[in-house]
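Engineer: Sequence plus predicted model, see below.
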Number of protein chains: 2
Amino acid sequence: MILVGEALRTDLYQLTMMQAYWKSGHNPIATFDYFVRRIPYGSYLLVAGLAYILEYIKNLGFEEDDLIYLKKQGFDEGFLDYLKEFRFTGDVLAMPEGEIAFPREPIIRVTAPIMESQLVETYLLNKMNFSTLIATKASRVAYAAQGRPVAEFGLRRAQGDGHLEATRASFIGGCATTSNVLAGKLLGIPISGTMAHSFVTSFDQEIDSFRAYADCFPLNCFLLIDTYNTLEGARKAAVVGKELEARGYRLVGVRLDSGDIAELSGKVREILDKAKLDYVKIIASGDLNEFKIQDMLARGAKVDGFGVGTELVTGKPNPALDGIYKLSEIVDERGSIPKMKLSEEEFKATLPGRKTVFRVYEDDRIMKDIMALEDEKVPGNARKVPVQVVEKGEIVFDTPSLKEIRENARKNLELLPKVYRGISDTPQYPVELSLGLKNLREKVVEKIKGSIR
Amino acid sequence: MILVGEALRTDLYQLTMMQAYWKSGHNPIATFDYFVRRIPYGSYLLVAGLAYILEYIKNLGFEEDDLIYLKKQGFDEGFLDYLKEFRFTGDVLAMPEGEIAFPREPIIRVTAPIMESQLVETYLLNKMNFSTLIATKASRVAYAAQGRPVAEFGLRRAQGDGHLEATRASFIGGCATTSNVLAGKLLGIPISGTMAHSFVTSFDQEIDSFRAYADCFPLNCFLLIDTYNTLEGARKAAVVGKELEARGYRLVGVRLDSGDIAELSGKVREILDKAKLDYVKIIASGDLNEFKIQDMLARGAKVDGFGVGTELVTGKPNPALDGIYKLSEIVDERGSIPKMKLSEEEFKATLPGRKTVFRVYEDDRIMKDIMALEDEKVPGNARKVPVQVVEKGEIVFDTPSLKEIRENARKNLELLPKVYRGISDTPQYPVELSLGLKNLREKVVEKIKGSIR
């Protein structure tokens, strides 16, 4: 994964503000926190996207044609000379991919001269918001499936070129496979697939299509049985399953894509079992989401796995994470000046200072988090969640393999008490503020309210 | 825009079905229709995305490393030899970008040997679904703004790498500018931007930040005035506006990003007008959508333009278009065999045969559409909407410039009677079936119901 030419993947105002900073000679060290104000569903976020941010920072620089374009837009020549030499020189702390985060916790913290820390905002938000949204959604779908494999096949409904990130985040969140062949090739995610209704209808008889497929893929034959009538389709699949047996092979599975799957799957199971095809798996698909899967299983569906597309890869009904990037500290010749935003709506207020997050364990379970100032300590069995990933512009973090990230996600989610893992009506996970952070906040609030601007 | 290495951007089942077709020697000429069953909001779709499909078809071919990957996945050597030489050789008819479409109308029709027409399905759906969704959404937002310019600034909440398509489709749908600098450079879309709250808070005093910005951009100065208190911010903006006047410049505008904008904008207008700054524009932003804009203007907001992000570029609350690609005809040695899918849910049933769409005009307004068989004629002042864009694998359509597409969209939308343009409670636009199509459908339904499969 090499990203070049991404320097202009930013909002124009980042560049105009940069020029204004440059022109006014105002370039203090600024710390920004990336955090999420509200969680779209459930009580936690499964963090993903950091790998993109690190590649971006490593390669961040303006190409000749970027500068030509900016010149045409009226940017100052002196400023463009500065951009020509631009490199990111700051520090970044971040929660690694596969960690769990909660509202208001800094998932990424960037400290750099404000011209640098401001520029990276847009790319960081674009990538982190989307990957974290989908990883979180996928973890919910996988949880609802109760250990049954979930195949992601959202490519056709993914938001265009966002498809690879959607597939990657789905895998991190617990999906077992993807239908996206390019993701298989580029990211090493296992690929899976069956057949479409058009394959069945392109033959005169349904069973002809089943035989053609079985003949081509005797070792890995899945049949789609709901094109005309699901139970008739199941009977034909049983015939083809017995034909495969006679040739020394085994039909792997059948797929149901419509109808009342809780009810139909039981009848299909009976048809297959009567034909002594109890090893044949039943896969369900068709506009599924975590709620439909939970409901289906609660109603006793005889389903061994799921295919999930649209809602998974777009995060429907919440296609965007409410993640923001807010200034928390300025350091200039006077020293550290903590910054925060006040708001009448409490969830919109931000927290000042350079912060970190401690996760407190008890009996191997996660009990609560404490947001604290960087140099504070907290009592008990606590772990700092963010780690340093960029130091003075150098990447100092090795991104694990995608499989390792997925495994880390699984372990982290397992340590979260069940009550926070449900897919609806979950309580709020406790996130406390340390004494140091509370005191700092009070001081800054007083200062803002007391000042006449 | 050159797309290479996109051949594997497909669902695995397209390739397994292809191999099964190849192995069984079953490769009839197949026609597929791309259409949308249900419209997510309003009564029409604004079509976008074709430019991507044509580039894809032109460049479609398998690279050496694609074939190596597929071999590792167990594909047949003979089939991979076939893929090595693969080119798309079929015909494509399509509604050009900027056309309006309605439910069930074939927006794209692909006719090719089934191995080819099947392969392109996933890419086509991925691109058309997303671009058409966002162009439609943008046209609604622009309509609600009643002629006031809409700036798209969704990059930070766009679904990752889908951002360029989102920006392009937003422009087609009527947005005036984008904040996305890369889209400006690559697509020639005008860019716009102001400043962030962090710019204001990074200075000790709000007015210092305004002065620094005005000093840097005297010709194009927009000030964000809601960081601490909107009306106080407006007063300071007025001071800086007068300072600019004294230097021979004019403050361009102020931006409000929070609070009750309908109410605040009136008060801000008064403050500016009292300072004889009646030429200074007021721009509104902050989680806007077509409904909020309509409501704000109905309540008398004094707003001259809008910035819209998240909901626009993700299509929220419907982040995926329900577009599908369905088999409508097979031609083999026996001749034409029309195909359709029956369903108990009527909207899920498809229409057989090679179809086109006539749009019927009266007094220069669009009255109704008629779906007809390709060789049928319809009475009255009617226009065929789809045109041939690919002939025997060759592109025979010149994609207009983005500005022309946007202008075509504007004209097409103007011909649509107002009743269908509203953003809520719009009636269904009349789409009729021709006699020939009705008769064909009846015949095929009878045949399917009569056959024992």
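Structural biologist: Received it, and whenever you're ready, just let me know what you need. Numbers count the residues shown, from 1 in each chain, chains lettered A, B, ... in the order given.
Engineer: Check which residues of the helix or strand hosting A:Met371 are buried.
Structural biologist: In the assignment (DSSP states H and E), A:Met371 maps to strand A:365-373. Buried residues in strand A:365-373, counted by 16 or more other CB atoms under 10 Å in any protein chain shown: A:Ile366, A:Lys368, A:Asp369, A:Ile370, A:Met371, A:Ala372, A:Leu373. Placement of C-beta: from N, CA and C, glycine included.
Engineer: Stretch A:46-62 now?
Structural biologist: A:46-58, A:60-62.
Engineer: where does the stretch 201-350 of chain A have low pLDDT?
Structural biologist: A:344 (pLDDT under 70).
Engineer: Which SSE is immediately downstream of the strand holding A:Met371?
Structural biologist: Immediately after strand A:365-373, counting by DSSP H and E, sits strand A:382-384.
Engineer: List the contacts of that next one.
Structural biologist: A:Thr356, A:Val357, A:Phe358, A:Arg359, A:Val360, A:Tyr361, A:Ile370 (CB atoms under 8 Å, 6 or more residues apart in numbering or on different chains).
Engineer: A strand includes the fifth one, no?
Structural biologist: Right, A:Val360. Yes: with DSSP: H, G, I helix; E, B strand; the rest coil as the criterion, A:Val360 is located in a strand.
Engineer: Next, count neighbours for it.
Structural biologist: 18 (other CB atoms under 10 Å in any protein chain shown).
Engineer: Check which residues of the strand or helix carrying A:Ile271 are buried.
Structural biologist: Applying DSSP H and E as the criterion places A:Ile271 in helix A:261-274. For helix A:261-274, the buried set under the neighbour-count rule, 16+ other CB under 10 Å, comprises A:Ile261, A:Ala262, A:Leu264, A:Ser265, A:Val268, A:Arg269, A:Ile271, A:Leu272.
Engineer: ok, of those residues, which one's closest to chain B?
Structural biologist: A:Leu264 (13.4 Å; CB to the nearest CB).
Engineer: Apart from its neighbours in sequence, what residue is nearest that closest one?
Structural biologist: Nearest residue to A:Leu264 in three dimensions, chain neighbours excluded: A:Thr230, at 5.1 Å (CB to CB, 6 or more residues apart in numbering or on different chains).
Engineer: got it, and A:Ile29?
Structural biologist: A:Val331 (4.1 Å).
Engineer: likewise A:Leu67?
Structural biologist: A:Leu80 (5.1 Å).
Engineer: Can you name every helix or strand that the helix or strand encompassing that neighbour contacts?
Structural biologist: If you go by DSSP H and E, A:Leu80 is part of helix A:77-84. Judged by 3 or more CB pairs under 8 Å, 6 or more residues apart in numbering or on different chains; DSSP states H and E, helix A:77-84 is in contact with helix A:12-24, helix A:64-72.
Engineer: Averaged pLDDT, the last one. What do you get?
Structural biologist: Model confidence over helix A:64-72 averages 97 on the pLDDT scale.
Engineer: I would like the residues contacting that helix, please.
Structural biologist: A:Gly5, A:Ala7, A:Leu8, A:Leu15, A:Phe62, A:Glu77, A:Leu80, A:Leu83, A:Lys84, B:Val181, B:Gly184, B:Lys185.
Engineer: Try it again at 10 Å.
Structural biologist: A:5-8, A:12, A:15, A:19, A:62-63, A:75-77, A:79-81, A:83-84, B:181-182, B:184-186, B:191 (CB atoms under 10 Å, 6 or more residues apart in numbering or on different chains).
Engineer: What's the ChimeraX line that selects buried ones from the residues you listed?
Structural biologist: In ChimeraX syntax, the buried subset of the contacts of helix A:64-72 is picked out as below (16+ other CB under 10 Å):
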select /A:6,7,8,12,15,19,62,75,79,80,83 /B:181,182,184,185,186,191
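Engineer: tell me which element A:Gly307 is part of?
Structural biologist: strand A:305-308.
Engineer: Which is the succeeding secondary structure element to that strand?
Structural biologist: Defined by DSSP H and E, the subsequent element after strand A:305-308 is helix A:310-314.
Engineer: Distance from the chain centre to that following helix, please.
Structural biologist: 11 Å (CA atoms, centre = their mean, to the nearest Å).
Engineer: Show me how chain A divides into domains.
Structural biologist: A:12-134+A:318-450, A:143-314 (automatic domain parsing).
Engineer: Pick the most deeply packed of the ones you listed.
Structural biologist: domain A:143-314 (a mean of 21; mean count of other CB atoms under 10 Å in any protein chain shown).
Engineer: Just the terminal-to-terminal distance for it.
Structural biologist: 18 Å (CA to CA, to the nearest Å).
Engineer: Over to stretch A:332-347?
Structural biologist: Per CA to CA, stretch A:332-347 runs 29 Å from first to last residue.
Engineer: can that stretch be found next to chain B?
Structural biologist: Yes: judged by CB under 10 Å from any CB of the partner chain, stretch A:332-347 comes into contact with chain B at A:Asp332, A:Arg334, A:Ile337, A:Lys339, A:Met340, A:Lys341, A:Leu342, A:Ser343, A:Glu344, A:Glu345.
Engineer: next one: stretch A:8-21
Structural biologist: Yes: residues of stretch A:8-21 contacting chain B under CB under 10 Å from any CB: A:8-21.
Engineer: And those, which is closest to B:Gly422?
Structural biologist: Among the residues of stretch A:8-21 next to chain B, A:Asp11 lies closest to B:Gly422 (CB to CB), at 31.6 Å.
Engineer: Please name the bridge partners of that closest one.
Structural biologist: B:Asn180 (DSSP bridges).
Engineer: Run a quick neighbour tally on it.
Structural biologist: 28.
Engineer: hmm, the lengthiest helix in chain A in reach of chain B?
Structural biologist: Of all the elements of type helix in chain A, the one with the most residues (DSSP state H) is helix A:121-144. Yes: residues of helix A:121-144 contacting chain B under CB under 10 Å from any CB: A:121-131, A:133-134.
Engineer: Format those residues as TSV; extra columns: distance to B:Ile324 and pLDDT.
Structural biologist: Formatted as TSV, these follow (distance: CB to CB, whole Å; pLDDT from 0 to 100):
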residue	distance to B:Ile324	pLDDT
A:Glu121	38	98
A:Thr122	34	98
A:Tyr123	34	98
A:Leu124	36	98
A:Leu125	33	98
A:Asn126	29	98
A:Lys127	30	98
A:Met128	32	98
A:Asn129	29	98
A:Phe130	25	98
A:Ser131	28	98
A:Leu133	25	98
A:Ile134	23	98
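Engineer: Nearest to A:Pro417 among the residues you listed?
Structural biologist: A:Leu133 (23.1 Å).
Engineer: For the residue nearest to A:Leu264, give its distance to chain B.
Structural biologist: Using CB to the nearest CB, to the nearest Å, A:Thr230 is found at 12 Å from chain B.
Engineer: what's the spacing between that residue and A:Thr194?
Structural biologist: From A:Thr230 across to A:Thr194, the span is 15 Å (CB to CB, to the nearest Å).
Engineer: Repeat that for A:Lys267.
Structural biologist: For A:Lys267 relative to A:Thr194 (CB to CB), the value is 20 Å.
Engineer: do A:Lys411 as well
Structural biologist: Distance, A:Lys411 to A:Thr194, using CB to CB: 31 Å.
Engineer: what does A:Tyr41 give?
Structural biologist: Distance from A:Tyr41 to A:Thr194, by CB to CB: 29 Å.
Engineer: What's the end-to-end length of stretch A:267-281?
Structural biologist: Terminal residues of stretch A:267-281 lie 13 Å apart, using CA to CA.
Engineer: Apologies, that question was intended for stretch A:135-154.
Structural biologist: 14 Å.
Engineer: what about it, distance to the chain center?
Structural biologist: 12 Å.
Engineer: okay but the residue nearest to A:Leu264 is in contact with A:Ala284, surely?
Structural biologist: No: the pair A:Thr230 / A:Ala284 is not scored as a contact, 11.2 Å apart, by CB atoms under 10 Å.
Engineer: what residues are shared contacts of those two?
Structural biologist: Counting by CB under 10 Å, 6+ apart, the contacts common to A:Thr230 and A:Ala284 are A:Leu256, A:Asp257, A:Ser258, A:Ile261, A:Leu264, A:Ser265.
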